[in-house]
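>>> attaching a predicted model along with its sequence, questions to come.
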Number of protein chains: 2
Amino acid sequence: MTEHCFWRFSRALHRAINDRCLNGLDDLIHEDVDRALYGPIDMFPFLGTRHGKHAVLDVIRHIAANVHIRRFDREATMLSADSAASMLRYSLTPRDCDKPIALRLAQFAHFKAGRVISMRVLVDTFDLVEQALVRPIHLPKIINKGQ
Amino acid sequence: MTEHCFWRFSRALHRAINDRCLNGLDDLIHEDVDRALYGPIDMFPFLGTRHGKHAVLDVIRHIAANVHIRRFDREATMLSADSAASMLRYSLTPRDCDKPIALRLAQFAHFKAGRVISMRVLVDTFDLVEQALVRPIHLPKIINKGQ
């Protein structure tokens, strides 16, 4: 049984981030790839949408310059012939400090001829922002009817 | 071809929220269900983890008391025999005002004998918080190496 291209892509992506080397990942991304990583782009410029392999590799290079993946756990994964969906819990270490960042994300990927052609990533962004600020953001209780 | 239980569950869930009536949904949730909806529980008490049908129905009743689903778009969906993963964009209206809330979420559901036994939901929480506060939260540019 052939390995699903999602596993190959995931391994190459993690290697690219941790080793800061895009060799191996380049071949697994389609020229016309669309990528959306939803979140506050003002604070994290590597979030947002990108089109084309060059732009996507540039973002991965940018992420790799900022964080290192210490560990990750897959909480759920679904695969079909040309698609994959996964929910993951990452433990990241910023390159410039030792304070780890825990991050939960969901990714939906679509492949064409073994290469990623589209990827949407959703992050628990409020949790990410609070960790990056290294302080909690005070929130009022707003929605509380029916308790 | 039999309809996947995910579609039945989704319809019943949306009906339960909009009509504030849990009939029809009750039969589609397993007694031992685990549900996790990640986000700031201080602000939104219906987020967090719940175990058991009673607790999960209670949360859905709570959500229904606060918002109405105006529309939703499925951006990606994957189904297997007993699982489903979906990324959705919701437009919600709070029950007590007309200001719509746009919300993107990813859900991973697992079914047992046609009933939901586990559900994990990830939300773009920072976006949600800013909309609920009806003001932007000022964020510094923190991670910006490699630009």
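Structure received.
>>> which parts of chain A are strands?
Under the criterion DSSP state E, chain A contains strands at A:29-38, A:48-51, A:67-80, A:83-94, A:101-112, A:115-123.
>>> mean pLDDT per helix and strand in chain A: which one sits at the bottom?
Within chain A, confidence by mean pLDDT, DSSP states H and E is lowest for helix A:125-133 among all helices and strands, at a mean of 88.
>>> isn't residue A:116 up against residue A:27?
No: using C-beta atoms under 8 Å, residue A:116 is not in contact with residue A:27; the gap is 10.8 Å. Bear in mind the C-beta positions are built from the backbone N, C-alpha and C, glycine included.
>>> more neighbours: the two, which one.
Taking other C-beta atoms under 10 Å in any protein chain shown, residue A:116 and residue A:27 do not tie; residue A:116 has more neighbours (23 against 10).
>>> how far away is the most centrally placed residue in chain A from residue A:46?
By C-alpha atoms, centre = their mean, the mean C-alpha position of chain A lies nearest to residue A:121, the distance being 6.0 Å. Between residue A:121 and residue A:46 the computed distance is 11 Å (C-beta to C-beta, to the nearest Å).
>>> anything in contact with each of those two?
Common contacts of residue A:121 and residue A:46, defined by C-beta atoms under 8 Å, 6 or more residues apart in numbering or on different chains, comprise residue A:37.
>>> can you pull out the low-pLDDT segments for chain A?
Along chain A, segments meeting pLDDT under 70 span A:1, A:142-147.
>>> repeat the analysis, applying 90 as the threshold.
Within chain A, the stretches with pLDDT under 90 are A:1-2, A:21, A:23-24, A:40-46, A:96-99, A:128-147.
>>> what is residue A:49 paired to in the beta sheet?
residue A:36 (DSSP bridges).
>>> about what we covered before: mind listing what's buried along the least confident helix or strand of chain A?
Within helix A:125-133, the residues that qualify as buried are A:125, A:126, A:127, A:128, A:129, A:131, A:132, counting by 16 or more other C-beta atoms under 10 Å in any protein chain shown.
>>> pull the residues that contact that helix.
Contacts of helix A:125-133 (C-beta under 8 Å, 6+ apart): A:38-40, A:43-44, A:101-104, A:136-137, B:38-40, B:124-129, B:137, B:139-140, B:142-143.
>>> relative to chain B, how far out is residue A:43?
According to C-beta to the nearest C-beta, to the nearest Å, residue A:43 stands 4 Å off from chain B.
>>> correct me, but that residue touches residue B:137?
No: Residue A:43 is not in contact with residue B:137 according to C-beta under 8 Å; the separation is 9.6 Å.
>>> of these two, who's got more company?
residue A:43 (21 against 15).
>>> so what's that one closest to, chain neighbours aside?
Nearest non-adjacent residue to residue A:43, counting by C-beta to C-beta, 6 or more residues apart in numbering or on different chains: residue B:139, 4.0 Å away.
>>> can you get me a residue count around that neighbour?
The tally of other residues near residue B:139 (other C-beta under 10 Å) stands at 17.
>>> so what's it up against?
So residue B:139 contacts A:40, A:42, A:43, A:129, A:133 (C-beta under 8 Å, 6+ apart).
>>> any idea how far the third one lies from residue B:136?
This points to residue A:43. Remark: distance between residue A:43 and residue B:136 (C-beta to C-beta) = 11 Å.
>>> same thing with the second one?
Summarising the geometry, the distance separating residue A:42 from residue B:136, computed by C-beta to C-beta, is 9 Å.
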